[in-house]
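Trainee: Output the structure for:
(one chain, ligands or ions: 2)
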Amino acid sequence: MATVVCLGAAGTVTGSNYLIETASGRRFLVDCGMFQGSKRIETRNWLEWDFDPSQIETLILTHAHIDHSGRIPKLVKDGFRGQIITSRATADLCNIMLRDSAHVQEMDAEWQTRKNQRKGKQAIQPLYTMADAEESLSYLAPVNENTVISLNDEVRFRLRDAGHILGSSIIELWITEGDSEIKIVFSGDLGRENQLIVKDPADVGHADYLFVESTYGDRLHKTFEDSKQELLEAIRYALSHEEKVIIPAFALERTQEILYLLGEFSRESLLPDIPIYLDSPLAIKATEIFRRHKDYYDREARAIVNKGFDPFDMPNLHFTAATEESMAINKKPGSAIIVAASGMCTAGRIKHHLKHNLWRDGASIIIVGYQAAGTTGRQIVDGADHVRIFGENVAVRAKVFTIGGFSAHADQTGLLGWVGNFVNESQPRVFVVHGEKTASETLAKEIKQRHKLDARPPRWRETLILKPRKDVSVETQAVDAAADVDAAADVDAAVADTIAGMEQELNRLKTYVQEKQRAGTLTEGDIEQLRAVWEDIEAITGSRAASAE
Ligand SMILES: [Zn+2]
Ligand SMILES: [Zn+2]
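Mentor: Ligands and ions are numbered 1, 2, ... in the order given. Purely as a prediction, here's the structure:
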């Protein structure tokens, strides 16, 4: 029987990573992403793998975002020598994203090492180096979408448009086992219908087992048209005061969407004659890749190209790759639009632009992306009157515009609609992943209620046994019937029983940990596993603070 072990993006948004093993023992991965957000979550990146990387034949990658691809260089460093199968655009984007990530890892380690050395402590090794990232790129094996491809004699797969970012894919997998076959579908990150640039998510419609993302499983987005108008208003505000417009944006996709909209405004003569700067080396490189992959554009973007325009260009647009060019921007008086990374204002050139403009009456700060708790961007959104930038307290006098409608993820309605396509076709069993606990649980509940499908969020490190279809429906029914009987029994007694059982286990756990500690055999993995259980309990009691994307 095939199994899927949920090694990331289970109970969290980030760290997407699934280990799939066929009945005959062939092993491959879907995604190999970085855990991002709180410190506690990020320690998971440093854990030993739950498998031997050298035994993995293939990695199928849904898209280039770091929470899906960011641990690939570590996988290669630790022995993986298989193929990394993905779309052509994703392969190109990985080329810049993984190098950038390696650079960040090296910088972090250097900074930490300097800090440690001042305290007489040891040097820190980076999670992986530029050399690891560069080696991992040699394993990229891009394939065409919409074509069924055999991985080996047991496994076939097909990439379909996920409509999330350039080159993003849904993965369809068929695993044969003797006379039977199961079909597993991973949604990857699912985009919105009518999103800019990329095509709509494909209606897959058939699966035995479905893994669906749930980033916004408990939320609805504002309409895109409203957001576009808000963007225009926010730009006009700063222009009327002859001040600057500062737009912090993620280098990949959000930046290109903003350029696309500015291009549209420009063609419709809605923008006056002012300079527009794309001030992020990574975003500049990503934009070049977007320009090369026109075959991934949707009909509207292709129509712009067919009329002889570049959707990411406009008069007065300047790409400022060099540091001196970047520094010159704030020396020039008068209005300008500045798009820079990082998207949450925690690093990169955006910090300089905020330092120069945040305190200026009449300037616009336009927040167009998700801001995790604890970031400078979040403080600005939450209305702080001062924020700390480069060790200075900078007053927030500029007008802050928060525009929520540019998400590259489907909202609850979008996700339910996409899952709904499977209902009449195949009644799959649904695993709700890639979401914070509440978002995943809310979506699972909605899927159960509206679509009458069996749906639940799997736990981190949980092994799911995926039996051929007929067995599953029989077993599911049997379990459901038993559950009904249980439900009729005395609920209070069951609750008391469970709590008493947990207390007993907690005492045993204490002894177990103390013994291991004494013997010196307590590993980082043990501690991380305990923390995961702790997080689960906190999630039930509601005492857990939401961690970042
Ligand atoms: Zn993504
Ligand atoms: Zn993601």
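
Trainee: Which residue ranges of the stretch 151-300 of the chain form strands?
Mentor: 155-161, 169-177, 180-186, 209-213, 244-248, 276-278 (DSSP state E, counting those that start in this stretch).

Trainee: Now Thr438: closest residue in space, sequence neighbours ignored.
Mentor: The shortest distance from Thr438 to any residue other than its chain neighbours is 5.8 Å, reached at Asp218 (C-beta to C-beta, 6 or more residues apart in numbering). Any C-beta I mention is one placed from the backbone N, CA and C, and that applies to glycine too.

Trainee: Pull the contacting residues for Ile365.
Mentor: 246, 248, 354, 357-358, 380, 396, 398-401 (C-beta atoms under 8 Å, 6 or more residues apart in numbering).

Trainee: List, one by one, the residues from the chain near ligand 2.
Mentor: Residues of the chain lying near ligand 2 by C-beta under 5 Å from the ion: 67, 189.

Trainee: Show me the domain layout of the chain.
Mentor: Domain segmentation of the chain under automatic domain parsing yields 2-219+408-483, 224-402, 489-541.

Trainee: which residues of the stretch 301-450 of the chain score low on pLDDT?
Mentor: Confidence mapping of the stretch 301-450 of the chain against pLDDT under 70 gives zero matching residues.

Trainee: Tell me which residue in it sits closest to ligand 1.
Mentor: Ala408 (6.8 Å; C-beta to the ion).

Trainee: got the contact list for that residue?
Mentor: Counted by C-beta under 8 Å, 6+ apart, Ala408 has contacts 164-165, 189, 191-192, 195, 253-254, 257.

Trainee: Do a quick rundown of the strands in the stretch 301-450 of the chain.
Mentor: 317-319, 336-340, 364-367, 386-389, 392-395, 399-402, 429-433.

Trainee: mind checking how far the first one is from the chain centre?
Mentor: By that I understand strand 317-319. 28 Å (C-alpha atoms, centre = their mean, to the nearest Å).

Trainee: What residues of it count as buried?
Mentor: 317, 319 (16 or more other C-beta atoms under 10 Å).

Trainee: Which other helices and strands does the helix or strand hosting Lys74 contact?
Mentor: Using DSSP states H and E, Lys74 maps to helix 72-77. Contacts defined by 3 or more C-beta pairs under 8 Å, 6 or more residues apart in numbering; DSSP states H and E place helix 72-77 against helix 88-118, helix 130-137.

Trainee: Export the ones you listed as TSV, with columns for mean neighbour count.
Mentor: Formatted as TSV, the helices and strands packed on helix 72-77 follow (neighbours: other C-beta atoms under 10 Å):
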stretch	mean neighbour count
helix 88-118	18
helix 130-137	18
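
Trainee: Figure out which of those helices is closest to ligand 1.
Mentor: Among the helices and strands packed on helix 72-77, helix 88-118 comes nearest to ligand 1, with 10.8 Å by C-beta to the ion.

Trainee: Now do that closest one, average pLDDT.
Mentor: Per-residue pLDDT over helix 88-118 has a mean of 95.

Trainee: by contact count, what packs against it?
Mentor: Helix 88-118 packs on helix 66-69, helix 72-77, strand 83-87, helix 130-137, strand 140-143, helix 281-292, going by 3+ C-beta pairs under 8 Å, 6+ apart.

Trainee: pLDDT averaged over the fifth one - what is it?
Mentor: Averaged across strand 140-143, pLDDT comes to 98.

Trainee: quick one: buried residues of it?
Mentor: Buried residues in strand 140-143 (16+ other C-beta under 10 Å): 140, 142-143.

Trainee: and if you look at the longest one?
Mentor: Across helix 281-292, burial judged by 16+ other C-beta under 10 Å covers 281-287, 289-290.

Trainee: now it against strand 336-340, angle please.
Mentor: 90 degrees (axes from the mean of the first three to the mean of the last three C-alpha atoms, to 10 degrees).

Trainee: So which residue is dead centre in the protein?
Mentor: Asp67 (4.7 Å; C-alpha atoms, centre = their mean).

Trainee: Near the closest residue to Ser364 other than its chain neighbours, how many other residues are there?
Mentor: With C-beta to C-beta, 6+ apart as the criterion, Ser364 has its nearest non-adjacent residue at 3.8 Å, and that residue is Ala238. Ala238: 26 surrounding residues under other C-beta atoms under 10 Å.

Trainee: my read: Ala238 touches Ile338, true?
Mentor: No: when contacts are counted by C-beta atoms under 8 Å, Ala238 is not listed as touching Ile338 (10.3 Å).

Trainee: residues shared between the contacts of the two?
Mentor: 244-245.

Trainee: Any chance of JSON lines for the helices and strands packed on helix 72-77, columns distance to ligand 1?
Mentor: Putting the helices and strands packed on helix 72-77 into JSON lines (distance: least, C-beta to the ion, whole Å) gives the following:
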{"stretch": "helix 88-118", "distance to ligand 1": "11"}
{"stretch": "helix 130-137", "distance to ligand 1": "19"}
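
Trainee: Nearest to Arg299 among those would be which one?
Mentor: Among the helices and strands packed on helix 72-77, helix 88-118 comes nearest to Arg299, with 17.5 Å by C-beta to C-beta.

Trainee: returning to what we had before: who's in contact with the residue nearest to Thr438?
Mentor: Applying C-beta under 8 Å, 6+ apart, the residues near Asp218 are 412, 438-439, 442-443.

Trainee: hmm, try it at 6 Å
Mentor: 438-439, 442 (C-beta atoms under 6 Å, 6 or more residues apart in numbering).

Trainee: how close does Asn146 get to ligand 2?
Mentor: When distance is defined by C-beta to the ion, to the nearest Å, Asn146 is 22 Å away from ligand 2.

Trainee: now that residue: how far from Ser169?
Mentor: According to C-beta to C-beta, to the nearest Å, Asn146 stands 10 Å off from Ser169.

Trainee: Could you give the average pLDDT over the helix holding Lys74?
Mentor: Helix 72-77 shows a mean pLDDT of 98.

Trainee: and the stretch 101-250 of the chain, which residues reach ligand 1?
Mentor: Asp189.

Trainee: Can you report how many residues lie near Lys331?
Mentor: 7.

Trainee: Tell me which residue of the stretch 251-400 of the chain lies closest to ligand 1.
Mentor: Taking C-beta to the ion, the stretch 251-400 of the chain has Glu253 as its residue nearest ligand 1, at 8.2 Å.

Trainee: Return the residues in contact with the closest residue to that residue other than its chain neighbours.
Mentor: Closest residue to Glu253 apart from its sequence neighbours, by C-beta to C-beta, 6+ apart: Ile165 at 4.1 Å. Going by C-beta under 6 Å, 6+ apart, Ile165 touches 63, 253, 408.

Trainee: Check the gap between the closest residue to His63 other than its chain neighbours and Ser187 for me.
Mentor: Nearest residue to His63, sequence neighbours excluded (C-beta to C-beta, 6+ apart): Ser168, at 3.7 Å. Shown here: Ser168 relative to Ser187, a distance of 10 Å by C-beta to C-beta.

Trainee: same thing with Thr346?
Mentor: For Thr346, the distance to Ser187 - C-beta to C-beta - is 28 Å.

Trainee: Could you do Leu137 as well?
Mentor: Where Ser187 is concerned, Leu137 sits at a distance of 26 Å (C-beta to C-beta).
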